[in-house]
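Student: From the sequence below, what's the structure:
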Amino acid sequence: MKDRISSFHPLVEFAYFALTLTFAMWFTHPVCQSVSLAAAFAYSVYLRGGRAVRGGLLGLLPLIIVTALLNPLFSHQGQTILAYLPSGNPLTEESVLYGLSAGVMLAAVICWFACLNAVLSGDKLVYLFGRAAPSASLLLAMTLRFVPLFTRRMRQTSLARRAAGSPQGVRESLKVLSGVTGWAMENAVDTADSMKSRGYGLPGRTACSVCRFSRRDGRALLALGLCGGAVIFFKCSGALYWHYYPSVGGAAGPETYAAAAVYAALCFAPTVIGILEDAQWRALRSGT
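Tutor: The predicted model follows:
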């Protein structure tokens, strides 16, 4: 198992991603957004390797650019006018920067969700929420599993039809999509019937789980609580305040940099822990 964070209790993993995703969507300060995107991308690269790099360059970078370019077409607020559009509406620096901020936020959230999908598997979600909300937990687990499974089946079906001599083109792609969509619907019905026949969600149902909450998990959960509480305190105190309209500005003092340091420690923790443990493991194997 490459990712050492996956060895923690599912509650610790869920708490970490709940914090990082909430902060990624809550903070508008450019320093925090930069930290969130850099940490999420670094963790994604650590988990997925070159695929994450290609996905970031081909998917996330165009998303940020397009969002930064689209926002000025619909929002014309701001004091600093750069030019006038053919429609006569002003193109403002504030609207461009706000679009860039929104693009960075979306890219960071996508990266964090990709990491969550790689670390927090469906069985862990069912373990966490199966008793309190069995239907919702099963639906969430199936949803997280659906995208990679659907993509893999699309690739397999396309390769099989290509090997059989089917012509390539838009019509062929639609046939593959139609067939895989039908398979996905049948698979969802079979899964629901299977879970129902096993008594999933019934009162008094027992379940077996290999998850055990250890002292290590307790220390990790305590560290997450302290870091998350400190970041929330800084946010509520105004140290991470930032605005884009009518002009760009916000907090930029010692408290802001202290908050950014704590936030960076929280976001980069899985990657740093994984790299350090990998280095220790390689040192032990080499006998040094």
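
Student: Pretty sure residue 82 sits in a helix.
Tutor: No: Residue 82: not assigned to a helix; according to DSSP: H, G, I helix; E, B strand; the rest coil it is strand.

Student: How about it: what's its closest non-neighbour residue?
Tutor: residue 91 (5.0 Å; CB to CB, 6 or more residues apart in numbering). C-beta here means a position set from N, CA and C on the backbone, and glycine is covered the same way.

Student: what kind of secondary structure is the one you found in?
Tutor: Put simply, residue 91 is strand when judged by three-state DSSP.

Student: just checking, it touches residue 84?
Tutor: Yes: using CB atoms under 8 Å, residue 91 is in contact with residue 84, at 6.7 Å.

Student: The residue nearest to residue 82 pairs with what?
Tutor: Note on residue 91: beta-bridge partners by DSSP bridges are residue 83.

Student: Buried ones in the longest helix anywhere in the chain, by neighbour count?
Tutor: With secondary structure taken from DSSP state H, the chain has its longest helix at helix 254-286. Buried residues in helix 254-286, counted by 16 or more other CB atoms under 10 Å: 256, 259-260, 262-271, 274.

Student: Who has more neighbours out of residue 91 and residue 84?
Tutor: Remark: of residue 91 and residue 84, residue 91 carries more neighbours, 16 against 11, as counted by other CB atoms under 10 Å.

Student: circling back to that earlier point, now the residue nearest to residue 82: how far from residue 66?
Tutor: 16 Å (CB to CB, to the nearest Å).

Student: tally of neighbours for residue 197?
Tutor: The number of residues packed near residue 197 is 8, by other CB under 10 Å.

Student: ok so, going back, ok now do the residue nearest to residue 82, which residues does it touch?
Tutor: Residues in contact with residue 91 (CB atoms under 8 Å, 6 or more residues apart in numbering) are 72, 76, 81, 82, 83, 84, 85.

Student: Now the last one. Nearest residue, chain neighbours left out?
Tutor: Yep, that's residue 85 we're talking about. Closest residue in space to residue 85, ignoring its immediate chain neighbours: residue 91 at 5.7 Å, by CB to CB, 6+ apart.

Student: Ok, the first one next?
Tutor: Sequence neighbours aside, residue 95 is the residue nearest to residue 72 in space, at 4.3 Å (criterion: CB to CB, 6+ apart).

Student: before we move on, what about the second one?
Tutor: Closest residue to residue 76 in three dimensions, ignoring its sequence neighbours and counting by CB to CB, 6+ apart: residue 89, at 4.7 Å.

Student: Could I get the phi/psi values of that neighbour?
Tutor: Torsion angles at residue 89 (phi, psi; degrees, to the nearest 10) stand at phi -80, psi 150.

Student: what does residue 252 give?
Tutor: phi -160, psi 60.

Student: where are the low-confidence patches of the stretch 51-200 of the chain?
Tutor: The model of the stretch 51-200 of the chain has pLDDT under 70 over residues 52, 55-57, 130-147, 200.

Student: Report all helices and strands that the longest helix of the chain contacts.
Tutor: If contacts are counted by 3 or more CB pairs under 8 Å, 6 or more residues apart in numbering; DSSP states H and E, helix 254-286 sits against helix 10-26, helix 30-48, helix 215-236.

Student: could you dump the second one to PDB, C-alpha only?
Tutor: What follows is the C-alpha trace of helix 30-48 in PDB, where atoms were taken according to Å, rounded to 0.1, in the frame of the first residue of the first chain:
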ATOM      1  CA  PRO A  30      -5.200  34.000  -2.300                       C
ATOM      2  CA  VAL A  31      -2.500  32.600   0.000                       C
ATOM      3  CA  CYS A  32      -4.900  30.000   1.400                       C
ATOM      4  CA  GLN A  33      -6.200  29.100  -2.100                       C
ATOM      5  CA  SER A  34      -2.600  28.700  -3.400                       C
ATOM      6  CA  VAL A  35      -1.800  26.400  -0.400                       C
ATOM      7  CA  SER A  36      -4.900  24.400  -0.900                       C
ATOM      8  CA  LEU A  37      -4.300  23.800  -4.700                       C
ATOM      9  CA  ALA A  38      -0.600  23.100  -4.300                       C
ATOM     10  CA  ALA A  39      -1.200  20.600  -1.400                       C
ATOM     11  CA  ALA A  40      -4.100  18.900  -3.200                       C
ATOM     12  CA  PHE A  41      -2.100  18.600  -6.400                       C
ATOM     13  CA  ALA A  42       1.000  17.300  -4.600                       C
ATOM     14  CA  TYR A  43      -1.100  14.700  -2.700                       C
ATOM     15  CA  SER A  44      -2.700  13.700  -6.000                       C
ATOM     16  CA  VAL A  45       0.700  13.200  -7.600                       C
ATOM     17  CA  TYR A  46       1.900  11.200  -4.700                       C
ATOM     18  CA  LEU A  47      -1.100   8.900  -5.000                       C
ATOM     19  CA  ARG A  48      -1.400   8.600  -8.700                       C
END
